[in-house]
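Participant: Just to be clear, the model below is a prediction. Sequence and coordinates:
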Amino acid sequence: MEKLDRIKELVALLNKAGKSYYSEGQEIMSNYEYDALYDELKKLEEETGCVLSDSPTVNVGYEVLSELPKERHDSPMLSLDKTKDRESLRSWLKDQKGLLSWKLDGLTIVLTYENGELVKAVTRGNGQIGEIITNNARMFKNIPVTISYKGRLVLRGEAIITYSDFNRINEEIPETDAKYKNPRNLCSGSVRQLNNKITKERNVNFFAFTLVSADGVDFNNSRKCQFEWLKSQGFDVVEYKEVDKDNILDAIDWFEHTIVNNDFPSDGLVIIYDDIAYGESLGRTAKFPRNAMAFKWTDETAETTLKEIEWSASRTGLINPVAIFEPVELEGTKVSRASVHNISIMESLKLGIGDTIKVFKANMIIPQIAENITQSGTVRIPEVCPVCGGKTRISDVNDVKSLYCDNEQCQAKHIKSFALLASRDALNIDGLSEATLEKFIQKGFLKRRGDIFRISRYKDEITSMEGFGEKSYNNLIEALEKAKDTDLVRVIYGLGIDNVGLSTARLIVNKLNNDPEAVLKATADELTDIDGIGEVIAEAFVEYFKNEDKKDEYLDILSEVNIKEAENVQTTEELAGKTFVITGNVNHFANRNELKALIESMGGKVTGSVTGNTSYLINNDSTSQSTKNKKAAQLGVPVITEEEFIKLAGKDELL
Ligand SMILES: NC(=O)c1ccc[n+]([C@@H]2O[C@H](COP(=O)([O-])OP(=O)(O)OC[C@H]3O[C@@H](n4cnc5c(N)ncnc54)[C@H](O)[C@@H]3O)[C@@H](O)[C@H]2O)c1
Ligand SMILES: [Zn+2]
């Protein structure tokens with residue numbers, strides 16, 4: 001390929017990766033691959049003398065996409081030039097004194113203090129514009145909310161989550177979709193949050209690494225002096241060592257030996273000149289400051305043999321290749337599988353069964369293929385979906401090819417509907433998490449929802465599945481038996497008919513005298529008679545059961561369960577038939593969904609926007625200027641706080 005064409009291709013690919021990485025906190029390729037492609041691009045740019053204006057080597061050109069309020073940084077937050085070579089780091093230092101510290105792998109945050117108080121916290125964002133997360137930063141485990149220094153202080157540091165918290169938190173998240181790939185993802189998801197209660201639960205730590213300004217304090221022109229001063233103000237500062245050209249190599253060795261015992265994620269080291277004025281006098285490039293430099297570890301790789309490519313279909317229709325290889329030991333654990341991310345990466349690796357591949361662990365935890373030595377390229381892309389047998393399609397967006405199943409009926413796309421039926425308010429099948437359902441669906445055990453109750457047909461396969469022993473199998477069977485005794489409200493709610501939440505299901509089942517047969521015969525007229533049920537819901541309900549497949553699925557579920565009398569509905573006069581809109585943070589519930597569930601369980605309804613039909617807007621911030629608040633004021637909809645709502649609902653025990 002022409003060099004210039006390759007440059008264009010790499011720029012597009014790296015920019016796409018950068019966009020996912022920075023604004024969505026996701027990776028479409030491993031850092032290893034990103035760095036290799038980046039180096040390739042840099043080399044080509046040097047050879048040809050051609051640097052495209054949107055090249056990632058000279059800028060970071062992506063938008064920050066999130067619901068959080070944004071702000072432009074006073075001074076841009078640059079990236080760092082990198083080397084993997086110890087000698088280059090030493091020669092970079094020249095005769096200067098340097099501070100060598102961990103390069104922490106989380107989310108970079110700028111904190112501003114005024115009058116001794118934390119007044120603002122902003123994420124790095126795209127380097128130019130960040131997201132304001134002040135309320136969340138107040139929940140960081142170890143930052144001082146007030147300090148003795150009363151001037152204006154601006155500092156930068158990294159918010160991180162430890163590996164042990166990462167493992168614990170990820171285990172507690174039942175949905176595979178919501179699981180985080182690494183502590184950096186998790187930290188990003190925990191800090192860039194609308195609900196600071198979640199930030200608090202996630203145990204976010206903050207380590208300062210740059211003092212930007214502190215009016216009137218003399219730091220003796222020394223970064224070290226700044227670090228020590230920050231400590232005296234109550235900040236945790238990133239662990240660092242003073243180095244010069246004579247001891248820097250020993251210091252790197254020390255970090256290398258120590259890293260294996262670290263519970264916090266780091267992806268290298270950072271060195272900065274201690275002499276502030278000297279460092280600043282060097283200026284910056286478009287992308288990097290010249291007073292600091294990053295050092296990256298060379299990843300530990302191992303050679304192994306590719307045994308199989310497993311095609312794993314997900315609910316988005318995306319079918320991802322997963323490499324299964326002969327187990328090898330990496331960073332102290334055995335690994336045997338690695339995601340290949342997408343078709344483009346699979347093709348560029350030229351994978352073939354039996355190939356000798358090199359694998360490594362990105363960020364010390366996520367197994368990845370670094371390179372393929374044999375490159376036989378014999379793996380064929382499946383023409384049909386492994387789950388439903390529907391035809392597959394290859395999409396091509398910005399040079400990234402991905403495989404999709406377009407079959408709308410594909411079970412992999414309906415994991416949520418399986419999960420809804422199993423959920424607490426529906427059939428309440430204990431221990432049947434979304435992750436487990438996903439595995440069962442991918443293996444073809446579940447074609448329709450009633451199959452859940454016939455899962456024992458796959459006993460042998462299940463008990464030999466990774467992470468699923470005899471004991472969890474028996475627990476599941478027991479939970480299924482228990483779940484069989486249920487009521488019609490739970491079944492109807494569990495079907496997931498549009499707009500039919502728990503409270504609506506209850507109203508309908510009451511009207512139909514708890515008769516499963518009557519559900520199939522109900523007419524829209526009959527349903528709109530019910531107070532609180534409008535035409536849209538009534539039509540959706542009737543339409544649902546007109547669909548033969550859906551009707552069969554419903555009857556199939558019914559044939560597996562025993563319907564008893566509906567539980568008594570706990571409505572209060574105040575809530576029944578009322579419509580609520582919730583906005584802003586909640587303090588007495590884990591999240592807004594929990595509050596929503598309570599409202600629905602008491603016969604109320606929750607909608608997304610304020611209209612003339614809204615009974616109350618629940619919002620704790622009476623000064624809020626949000627669209628919802630403005631609309632409520634306009635329409636005369638009462639705005640109540642969460643506490644007021646709790647009193648209204650007669651749930652004072654929650655206060
Ligand atoms: N996988 C992907 O698709 C993908 C995409 C884009 C970037 N990346 C990864 O991100 C890297 C580039 O990221 P970047 O340019 O955002 O940041 P960087 O790797 O250049 O890191 C620089 C930043 O690290 C932070 N930092 C952490 N500890 C520090 C310390 N002790 N002292 C000073 N600063 C410290 C600072 O915010 C600093 O700006 C690439 O090398 C690549 O590995 C991956
Ligand atoms: Zn499919």
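Facilitator: Arrived safely, thanks for sending. Residues are numbered from 1 along each chain as shown. Ligands and ions are numbered 1, 2, ... in the order given.
Participant: what about the longest helix seen in the chain, near ligand 1?
Facilitator: Longest helix of the chain, by residue count under DSSP state H: helix 3-23. Yes. Contact of helix 3-23 with ligand 1 (Cβ under 6 Å from any ligand atom) involves 17-18, 21. Bear in mind the C-beta positions are built from the backbone N, C-alpha and C, glycine included.
Participant: And stretch 29-37, by the same measure?
Facilitator: Yes. Shown here: stretch 29-37 in contact with ligand 1 (Cβ under 6 Å from any ligand atom) through 29-31, 34-35.
Participant: Just list the residues touching the closest residue to ligand 1 within the stretch 501-650 of the chain, thanks.
Facilitator: In the stretch 501-650 of the chain, the residue that lies nearest ligand 1 is Asn585 (27.1 Å; Cβ to the nearest ligand atom). If you count contacts by Cβ atoms under 8 Å, 6 or more residues apart in numbering, Asn585 has them with 135, 194-197, 620.
Participant: Dump the residues you listed to JSON lines, plus secondary structure.
Facilitator: Converted to JSON lines, the contacts of Asn585 look like this (DSSP: H, G, I helix; E, B strand; the rest coil):
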{"residue": "Asn135", "secondary structure": "helix"}
{"residue": "Leu194", "secondary structure": "coil"}
{"residue": "Asn195", "secondary structure": "coil"}
{"residue": "Asn196", "secondary structure": "helix"}
{"residue": "Lys197", "secondary structure": "helix"}
{"residue": "Asn620", "secondary structure": "coil"}
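Participant: ok, and of those residues, which contact ligand 2?
Facilitator: The subset of those within reach of ligand 2, by Cβ under 5 Å from the ion, is empty.
Participant: and the residues you listed as JSON lines, adding distance to Thr523?
Facilitator: Converted to JSON lines, those look like this (distance: Cβ to Cβ, whole Å):
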{"residue": "Asn135", "distance to Thr523": "50"}
{"residue": "Leu194", "distance to Thr523": "42"}
{"residue": "Asn195", "distance to Thr523": "42"}
{"residue": "Asn196", "distance to Thr523": "48"}
{"residue": "Lys197", "distance to Thr523": "45"}
{"residue": "Asn620", "distance to Thr523": "43"}
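Participant: Strands of the stretch 201-350 of the chain, start to end?
Facilitator: 205-214, 240-243, 266-273, 292-295, 301-313, 318-330, 333-339 (DSSP state E, counting those that start in this stretch).
Participant: just to revisit the earlier point, quick one: average pLDDT of the longest helix of the chain?
Facilitator: Averaging pLDDT along helix 3-23 gives 88.
Participant: which parts of this structure sit against ligand 2?
Facilitator: 385, 387-388, 390, 405, 407, 410.
Participant: Highest neighbour count among those?
Facilitator: Cys405 (28 neighbours; other Cβ atoms under 10 Å).
Participant: Can you name the residues that contact that residue?
Facilitator: So Cys405 contacts 313, 317, 319, 385, 387-388, 390, 392-393, 412-413 (Cβ under 8 Å, 6+ apart).
Participant: repeat that with 7 Å
Facilitator: Residues in contact with Cys405 (Cβ atoms under 7 Å, 6 or more residues apart in numbering) are 313, 317, 319, 385, 388, 390, 392, 412.
Participant: near ligand 1, which residues of this protein?
Facilitator: 17-18, 21, 27-31, 34-35, 77, 79-80, 101-104, 108, 124, 158, 209, 238, 270, 294.
Participant: Phe206 touches Ile161, doesn't it?
Facilitator: No. Under the criterion of Cβ atoms under 7 Å, Phe206 is not in contact with Ile161, lying 10.9 Å apart.
Participant: neighbour-wise, which of these two wins?
Facilitator: The neighbour count for Phe206 versus Ile161, taken as other Cβ under 10 Å, is higher for Ile161 (29 against 24).
Participant: Poorly predicted segments of the stretch 51-200 of the chain, please.
Facilitator: Scanning the stretch 51-200 of the chain for pLDDT under 70 picks out the ranges 60-65, 171-179, 181.
Participant: can you pull out the strands in it?
Facilitator: Taking DSSP E, counting those that start in this stretch as the test, the strands found in the stretch 51-200 of the chain are 70-72, 82-83, 98-104, 107-114, 117-123, 129-131, 153-160.
Participant: do the stretch 451-600 of the chain as well
Facilitator: 485-487, 562-564, 579-582.
Participant: Would you tell me which one of those strands is buried the most?
Facilitator: strand 579-582 (a mean of 20; mean count of other Cβ atoms under 10 Å).
Participant: just checking, what packs against that strand?
Facilitator: Applying 3 or more Cβ pairs under 7 Å, 6 or more residues apart in numbering; DSSP states H and E, one finds that strand 579-582 makes contact with helix 592-601, strand 605-607, strand 616-618.
Participant: tally of neighbours for the nearest residue to Asn115 once chain neighbours are set aside?
Facilitator: Nearest in space to Asn115, with sequence neighbours left out and distances taken as Cβ to Cβ, 6 or more residues apart in numbering, is Lys150 at 5.6 Å. By other Cβ under 10 Å, 14 other residues sit near Lys150.
Participant: For burial, what's the neighbour tally of the closest residue to Leu495 other than its chain neighbours?
Facilitator: Spatially, and ignoring its direct neighbours in sequence, Leu495 is nearest to Tyr554 (6.5 Å; Cβ to Cβ, 6+ apart). Using other Cβ under 10 Å, Tyr554 has 22 other residues around it.
Participant: hang on, Tyr554 packs against Gly496?
Facilitator: No. With contacts counted by Cβ under 7 Å, Tyr554 stays clear of Gly496, the gap being 11.3 Å.
Participant: tilt between the helix or strand harbouring Glu46 and strand 266-273?
Facilitator: Using DSSP states H and E, Glu46 falls within helix 31-48. The directions of helix 31-48 and strand 266-273 differ by 50 degrees, with axes from the mean of the first three to the mean of the last three Cα atoms, to 10 degrees as the criterion.
Participant: Put the alpha carbons of helix 31-48 into PDB.
Facilitator: What follows is helix 31-48, C-alpha atoms only, in PDB (Å, rounded to 0.1, in the frame of the first residue of the first chain):
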ATOM      1  CA  ASN A  31      -3.600  -0.200  24.200                       C
ATOM      2  CA  TYR A  32      -0.900  -2.500  22.800                       C
ATOM      3  CA  GLU A  33      -2.400  -2.300  19.400                       C
ATOM      4  CA  TYR A  34      -3.100   1.400  19.700                       C
ATOM      5  CA  ASP A  35       0.500   2.100  20.600                       C
ATOM      6  CA  ALA A  36       1.900   0.000  17.900                       C
ATOM      7  CA  LEU A  37      -0.300   1.600  15.200                       C
ATOM      8  CA  TYR A  38       0.500   5.000  16.700                       C
ATOM      9  CA  ASP A  39       4.300   4.300  16.400                       C
ATOM     10  CA  GLU A  40       3.800   3.100  12.800                       C
ATOM     11  CA  LEU A  41       2.000   6.300  12.000                       C
ATOM     12  CA  LYS A  42       4.700   8.400  13.600                       C
ATOM     13  CA  LYS A  43       7.400   6.600  11.600                       C
ATOM     14  CA  LEU A  44       5.500   7.000   8.300                       C
ATOM     15  CA  GLU A  45       4.900  10.700   9.100                       C
ATOM     16  CA  GLU A  46       8.700  11.200   9.600                       C
ATOM     17  CA  GLU A  47       9.500   9.300   6.400                       C
ATOM     18  CA  THR A  48       7.100  11.100   4.200                       C
END
